[in-house]
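# Quick one, fold the following:
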Amino acid sequence: MMDVSTSSVAAWCQENKLRAIGGVWVSGLAASMAYNATKPGMKTSVKVIHSRLYAQALTLTCLLGSAAAEAYDRKYGSAKDPPDDPFIYKAPTHVVK
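The predicted structure is shown next:
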């Protein structure tokens, strides 16, 4: 069995924010579907809608937490400088003749 530390999980989540949030959404949807399946007397469509709403609320909470962590990292300098992003314009530093 692998020994996974909290810091390695946190580092992976920091590098792969969207995958982590997508995983939270999928697991939240599956868990809420399982929870709603135990409730008798509800139509299947209502169970699906409730499950989606629960998963959506969990995902929004996760997004807010991610945004707060990013803001904290930027304010206190914990975050590394992001690698060169091809979508951000950088002026040339030298002139080619």
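# Kindly state the pLDDT recorded for Met43?
Heads up, residue 43 is Lys, not Met. Looking at Lys43, its pLDDT stands at 91.
# so how many other residues sit close to it?
8 (other C-beta atoms under 10 Å). Where C-beta positions appear, they are placed from N, C-alpha and C, glycine not excepted.
# and it, how far is that from Asn36?
11 Å (C-beta to C-beta, to the nearest Å).
# now swap in Cys13 and tell me
For Cys13, the distance to Asn36 - C-beta to C-beta - is 27 Å.
# Kindly report the same for Trp12.
30 Å.
# who has more neighbours, the two?
When Trp12 is set against Asn36 and neighbours are counted by other C-beta under 10 Å, the residue ahead is Asn36, at 17 against 12.
# name the helices or strands packed onto the helix or strand containing Ser32?
Element membership for Ser32 (DSSP states H and E) is helix 17-37. Secondary-structure packing of helix 17-37 (3 or more C-beta pairs under 8 Å, 6 or more residues apart in numbering; DSSP states H and E): helix 44-76.
# Buried residues, the helix it packs on. List them.
47, 50-51, 54-55, 58-59, 62, 66, 69 (16 or more other C-beta atoms under 10 Å).
# which non-adjacent residue is nearest the one residue sitting closest to the centre of the chain?
Geometric centre of the chain, nearest residue: Ile21, 2.3 Å, by C-alpha atoms, centre = their mean. Among residues not flanking Ile21 along the chain, Cys62 sits closest, at 5.2 Å (C-beta to C-beta, 6 or more residues apart in numbering).
# measure that neighbour to Ala91 for me?
Where Ala91 is concerned, Cys62 sits at a distance of 36 Å (C-beta to C-beta).
# Check Glu15 too.
From Glu15 to Ala91 the distance is 28 Å (C-beta to C-beta).
# Likewise for Ser66?
For Ser66 relative to Ala91 (C-beta to C-beta), the value is 31 Å.
# do the same with Val46
In terms of C-beta to C-beta, Val46 sits 56 Å off from Ala91.
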